[in-house]
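>>> Any chance you can model this:
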Amino acid sequence: MPQTRFVLRAALALGAVLVLAAPVGAGDFRAFVEELWPAAQARKVSRATFDAAFRGITPDPAVLARLRRQGEFGRPVWEYLTGAVSAGRIARGRAEAARRAGTLQAIEAAYGVPGPVLLAFWGIESDFGASAGTVPVIRALATLAEARHRGELFRDELLAALEILEHHDVAPERMRGSWAGAMGQTQFLPSAYQRAAVDFDGDGRRDIWDSVPDALASIASFLKQAGWRRDLPWGVAVTLPADFDLARYRAPFADFARRGVRALDGAALPEAGEASLFLPGGAGGPAFLITANFEAIRAYNTSDAYALAVGHFSDRIAGGPALAAPWPTGPRLDQAGLTALQRGLSAKTFYDGPFDGRAGPKLREAVRRYQIAAGLPADGYATPALLEHLRAAR
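As a prediction, the model looks like this:
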């Protein structure tokens, strides 16, 4: 989901503390709603809109049950890729590319984001609009806001949703989405909708629920705001020469080309731009040169697996090849192991991020720095063997 999952997953990925209360009674929930009224009123939400939004609303226990289940973070990247970039989804993505070629070209001209990338987001987020969610957004966000005792994340999203209703951007019965409050074909949280949604079909409404042009252009708008550069690819799937020096993992594309790195599809690497080597399964597995646009994708969802799925899916829609290198089959670190690795690397001043048990850019960089210092192959891949090496080096 774009900022649907984006804000929730960003909060979880950055180590935000979510404290879940015991199931609340109707009286407690109504008290929470009434306490929300002054903040809604300050945002120019009318009492009529406020009362209509919360009429008959009760906490949704299914939302709380789903809170800690995050597929992109819990599964190995290769398992997530298998589900996100299936043969059937690739075929449908290519069909949509042909069907909507004119719209996609117009959006790329306006925002600089290629059509296959937009289709990849659309396919992963809502199955090309077929699975945009059926959960009432106000109820989902109110449940999360009332149950969260620290921070204002879901409370703010709930207030933003009320503003959307006040402005008549969507009919209340159409404001449905995911269990986490993500809305429409783009799976935007309300704040993302307010910031990035656009009216691309010119009907006077920013309609991410029923208008495909609006949905696709809104994704492009989000990415442009996140720093997408039209002069760069998201990344390039590559093959490495046998003697490649993994310690030199950040360089201009031209430097990688001189050192024998080749695009998986046989095309020339971009002539300009900077890239970083990304080995999500370690040395010997699939290899990618990722750019600043990879980080723009992560602004939509902070998971490396998600960003890689969007990028690879877009390549497959555009006719690119499947990944050929094998994924690792050995043991991998669970969340507790990753947390222990973060703490150990922090103690040696290699890591300065949160202790959240998630593998992301900060941990990847810290692992590489430690590997280089220890004379190990610098693939940036966190493994049980690396954790043991770190512990033995104390």
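
>>> which SS class is Val236?
The three-state assignment at Val236 reads strand, by DSSP: H, G, I helix; E, B strand; the rest coil.

>>> So what's the residue count around it?
Applying other CB atoms under 10 Å, we find 25 residues neighbouring Val236. Every C-beta, even on glycine, is put in place using the N, C-alpha and C of the backbone.

>>> where do the strands sit along the stretch 1-150 of the chain?
Ranges of strands in the stretch 1-150 of the chain, per DSSP state E, counting those that start in this stretch, are 135-136.

>>> so where is it shaky, pLDDT-wise?
Across the stretch 1-150 of the chain, the ranges flagged by pLDDT under 70 are 1-27, 67-74, 149-150.

>>> residue ranges for the helices of it, please.
3-13, 26-42, 47-54, 61-66, 71-74, 77-84, 87-99, 101-111, 115-126, 137-147 (DSSP state H, counting those that start in this stretch).

>>> isn't Tyr249 right up against Tyr381?
No. At 11.8 Å, Tyr249 does not count as touching Tyr381 under the criterion of CB atoms under 8 Å.

>>> just to revisit the earlier point, what would the helices of the stretch 1-150 of the chain look like in TSV with distance to Ala268 and mean neighbour count?
Below are the helices of the stretch 1-150 of the chain laid out as TSV (distance: least, CB to CB, whole Å; neighbours: other CB atoms under 10 Å):
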stretch	distance to Ala268	mean neighbour count
helix 3-13	34	24
helix 26-42	55	14
helix 47-54	54	16
helix 61-66	45	14
helix 71-74	32	18
helix 77-84	25	17
helix 87-99	23	15
helix 101-111	21	16
helix 115-126	19	26
helix 137-147	46	24
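
>>> for these, which one sits closest to Leu159?
helix 26-42 (5.8 Å; CB to CB).

>>> how far does that closest one sit from the chain's center?
How far helix 26-42 lies from its chain's middle: 31 Å, per CA atoms, centre = their mean, to the nearest Å.

>>> now do stretch 39-46
30 Å.

>>> So what would you say the end-to-end distance of that stretch is?
One end of stretch 39-46 to the other measures 11 Å (CA to CA, to the nearest Å).

>>> any idea how far Leu119 is from Ser314?
Ser314 sits at a distance of 7 Å from Leu119 (criterion: CB to CB, to the nearest Å).

>>> Correction: the previous question concerned Ala359.
Using CB to CB, Ala359 is found at 27 Å from Leu119.

>>> same check, this time on Ala40
Distance of Ala40 to Leu119, computed by CB to CB: 37 Å.

>>> go on, Ala142?
Separation of Ala142 from Leu119 (CB to CB) stands at 33 Å.

>>> Likewise for Ala220?
Counting by CB to CB, the separation of Ala220 from Leu119 is 11 Å.

>>> what residue lies at the spatial centre of the protein?
Nearest to the mean C-alpha position of the chain, counting by CA atoms, centre = their mean, stands Asn301 at 1.4 Å.

>>> Could you report the pLDDT at that one?
We have a pLDDT of 94 for Asn301.

>>> my read: it touches Ala307, true?
Yes. In this structure Asn301 lies within contact range of Ala307 using CB under 8 Å: 7.0 Å.
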